[in-house]
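J.: Below: sequence and its predicted model.
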Amino acid sequence: MQTVKQTLQAALILLIRGYQIIISPLLGPRCRFYPSCSEYAIQAIKAHGLIKGGRLALRRISRCHPGNPGGHDPVPPPPNKK
């Protein structure tokens, strides 16, 4: 089961990296946040896993619009596991 999760996580990160390399340069800098929304998504997925990290990334992307001033918005640290 862990291998399936790791494979899905790696596939999603690969898709995001593809966006960063191929599509993002064509659109130019548009993100109002640091790190960029795509980098935030990668960091969130790595830190929190596919489900929670994906949810954090979607919330972040939904806030990236002209009405939001943006700024520094790091990924929250994962909770301590006992």
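T.: Done, it's in.

J.: which parts of stretch 31-50 are buried?
T.: Going by neighbour count (16 or more other CB atoms under 10 Å), the buried part of stretch 31-50 is 31-33, 35-45, 48, 50. Any C-beta I mention is one placed from the backbone N, CA and C, and that applies to glycine too.

J.: no no, stretch 63-73
T.: Buried residues in stretch 63-73 (16+ other CB under 10 Å): 64, 73.

J.: ends of that stretch, how far apart?
T.: Stretch 63-73 has its terminal residues 11 Å apart, counting by CA to CA, to the nearest Å.

J.: re the thing from before, give me the subset of the buried residues of stretch 31-50 that lies in strands.
T.: residue 33 (DSSP state E).

J.: Tell me which two of the buried residues of stretch 31-50 sit farthest apart.
T.: Greatest spacing in the buried residues of stretch 31-50, by CB to CB: 32 and 50 (25.3 Å).

J.: Count the residues that sit near residue 26.
T.: 6 (other CB atoms under 10 Å).

J.: all helices for the protein, in order.
T.: 2-18, 24-27, 37-48, 50-63 (DSSP state H).

J.: Any chance of CSV for those, columns distance to residue 80 and mean pLDDT?
T.: Below are the helices of the chain laid out as CSV (distance: least, CB to CB, whole Å; pLDDT from 0 to 100):
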stretch, distance to residue 80, mean pLDDT
helix 2-18, 20, 92
helix 24-27, 34, 92
helix 37-48, 13, 96
helix 50-63, 15, 95
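
J.: Now distance to residue 69 too, for those, in CSV please.
T.: Rendered in CSV, the data for those read as follows (distance: least, CB to CB, whole Å):
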stretch, distance to residue 69
helix 2-18, 24
helix 24-27, 20
helix 37-48, 15
helix 50-63, 10
